[in-house]
Structures are given as C-alpha cells and as structure tokens.
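*Asks:* okay, sequence plus prediction incoming.
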Amino acid sequence: GVVYHALAWACWKTNLGRPEVDRARSMAMNQLGGGLYSAEHYEDALTVREALLALNRRIGAPEAVMLVVQSNLAMTYGRLGRKEEALRMRRGVYTGTMKLLGKEAKETVTEANNYSSSLVDLKRFEEASSLLRKTIPIARRVLGNNHEIMIRMMWTYARALCKDPSATPDDLREAVTTL
C-alpha cells in the first residue's frame, strides 16, 4: 500500500518530462494509478487511470495495452461503487481479450471471471452462472484446478449460485460442491 504508493510517485516524477509517446511515461502513469489504488486513494487512481486511457487512445497504443488499462479502470469504477460503468467496461475488456487472444488464453479466463464478478455485484446471477458454466471447463483445462484464477472463478460461481434468490436446493448443493 504505502510503499507501492511512494514508489509509484517516484516513478512518475522520474518520467514525467518524457514525451507522451514514450512508453516509459505511460508505464509510469500506470504505476502511479496502481500505487494510488493500492493506497486506497480510489478517486485519485480514477483520475490517473482515465488520463492514461485518454493518452493511450491519443498515441494509438496497441489493443493489448488498451485492454489492460481498461481492466484497471473497471476495477477502480467498481471500488468507487460505479458498478454499471465497471460492468460495461468489464464486458468490453472480456470481449476484446477473447477476440485478441482467444478463449483459451489465461487473460481471457481472468477477464471472464472479472466480468462474472461484476455481474454478481449487480445481482445478475443467471448471466454470471451461465458465463462461468462455459468458462470453467476451459479454465480447468488451461490452468488446472489449483491455479489461483481457477479458485477465484469457482468462488465467483458459488457466490452467483448462493446469492440468487431463485436458487434451488440443487443449485445450493452445487455451490457447496464447487467449493
């Protein structure tokens, strides 16, 4: 938190004078956004991350870079309670990552989980469960059962099943079995 925040500011101050198109400058902005987020300065992190997204659009950053920036921005929206904005961005990042890297990429599986988690936060349980039912077998094949992302995905799936007010006893048993 605090150390990352201090190091991120130092990184930003070191690279602030570089031209906008210099990759080191945008990487320093990314670190600053991460440091602010880590120190729980979410409004400040949002400002930096929105500026970084605008900068990357101006300079024509590669799609992979844009998706990472948008993913970080979605996380910040979520922390600030801007859940609909987070969901829209998560959907775009998931779709973009799948198009860019394919459905079996680790990054795509991660973004599927992030998107599903946003759906659960907005009480859209059936959509989250449906996406996870499709993605979990892929994640299991690509990552294995003991990978952190796989475990998070199973947790998100169990949350979607348990929190759904229309959950059946079978759904609840499946949630327990999942964990």
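*Replies:* Okay, I see it.
*Asks:* who's in contact with the spatially most central residue of the chain?
*Replies:* Among the residues of the chain, Ser71 comes closest to the average C-alpha position under CA atoms, centre = their mean, at 4.4 Å. Applying CB atoms under 8 Å, 6 or more residues apart in numbering, we find Ser71 in contact with 89-90, 93, 111, 114. Glycine gets a C-beta too; all of them are placed from N, C-alpha and C.
*Asks:* quick one: which of these has the most company?
*Replies:* Comparing the contacts of Ser71 by number of neighbours (other CB atoms under 10 Å), Arg90 comes first, having 28 neighbours.
*Asks:* thought that residue was touching Ala74?
*Replies:* Yes - in terms of CB atoms under 8 Å, Arg90 counts as a neighbour of Ala74; the distance is 4.8 Å.
*Asks:* contacting residues around Arg152?
*Replies:* Under the criterion of CB under 8 Å, 6+ apart, the contact partners of Arg152 comprise Asn113.
*Asks:* for the least confident helix or strand in the chain by mean pLDDT, name the packing helices and strands.
*Replies:* With mean pLDDT, DSSP states H and E as the measure, the helix or strand of the chain carrying the lowest mean pLDDT is helix 2-15 (a mean of 73). Packed against helix 2-15 by the contact rule (3 or more CB pairs under 8 Å, 6 or more residues apart in numbering; DSSP states H and E) you find helix 23-38.
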